[in-house]
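Colleague: Fold the following, please.
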Amino acid sequence: MVSSRQRLCVPDDLAVGASVALSAAHAHYVRHVLRLKAGDAILLFNGRDGEWRAELAESTKEGQEKRALALLVRKQLRQQHCGPDIDYLFAPLKRARLDFMVQKATEMGVARLRPVLTRRTTATRVNIERLRANAIEAAEQCGILRLPELYAPERLESVISRWQHTRVLIFCDEQSATGDPLAILAGLSPGPLGLLIGPEGGFDDREREMLSLKPFVVKISLGPRILRAETAAIAALALVNAALGDWR
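Modeller: So this is what the prediction gives:
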């Protein structure tokens, strides 16, 4: 029996009989944090091939004193699943808050993470590798098989100018007085969609006007209180999953 918490995301292709060599960081985690020994089991996933049971193995290569660690893939436990087709568009936040938001968006099942730079965005630099590390950590801890695709930051206007009109973009507007967001979302057809959350200072009037003129944009309110961006992300993704995603 292997603990559900003992999961590792690896870049390798996974199949019965495959041997996955561990990086120095993964070897340290397996040996010193999880304290696994040869023959102990761990779960592996890569975001493509589902979830697999593997066993820890040690080997000593010629000319090396230290034993190398590898994982031998034994059995598939879960097949890969797609999840909801949600592009999550967000204005970058400061470091700790951005880490939190990326982790929660990954847990909520988004397919793509797309930082957008708005007129009031204050944190314009985004470390993509840090985003990836946070997404992987969230997936490892929560039993998720899919990892969100990561995009480099772009100006909001550029993203909207190339937007596919068949993908509804749900615009969370803090000034909206559109009423019950669940009722609005329930009126949409399930399918590919995007979700847009603004910066700490909100959208400016020019951005709001640009979005209101697009036929693929649907505006919703997140209630009578102004939410912090990371709180708005969780609230909006919960609404979308309940009405249009895989919570139905």
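Colleague: From residue 198, how far off is the closest residue to residue 155 other than its chain neighbours?
Modeller: Once flanking residues are discounted, residue 155 sits nearest to residue 117: 5.1 Å by C-beta to C-beta, 6 or more residues apart in numbering. Backbone N, C-alpha and C define where each C-beta goes, glycine included. Between residue 117 and residue 198 the computed distance is 11 Å (C-beta to C-beta, to the nearest Å).
Colleague: Those two: who's more crowded?
Modeller: residue 198 (25 against 19; other C-beta atoms under 10 Å).
Colleague: Show me the strands in the chain, by range?
Modeller: 7-9, 19-21, 41-45, 51-59, 68-78, 86-90, 112-117, 149-150, 154-155, 168-172, 193-197, 217-220 (DSSP state E).
Colleague: rewinding a little: might you report the residue contacts of the residue nearest to residue 155?
Modeller: The neighbourhood of residue 117, defined by C-beta atoms under 8 Å, 6 or more residues apart in numbering, consists of 91-92, 124, 153-156.
Colleague: In TSV, list those along with neighbour count, pLDDT and distance to residue 48.
Modeller: Output for the contacts of residue 117, formatted as TSV (neighbours: other C-beta atoms under 10 Å; pLDDT from 0 to 100; distance: C-beta to C-beta, whole Å):
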residue	neighbour count	pLDDT	distance to residue 48
91	26	93	30
92	23	92	27
124	11	79	32
153	17	95	25
154	15	96	26
155	13	96	31
156	21	96	31
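Colleague: hang on, isn't residue 236 packed against residue 197?
Modeller: Yes - Residue 236 is within contact range of residue 197, at 6.3 Å (criterion: C-beta atoms under 8 Å).
Colleague: Now the common contact residues for those two.
Modeller: residue 172.
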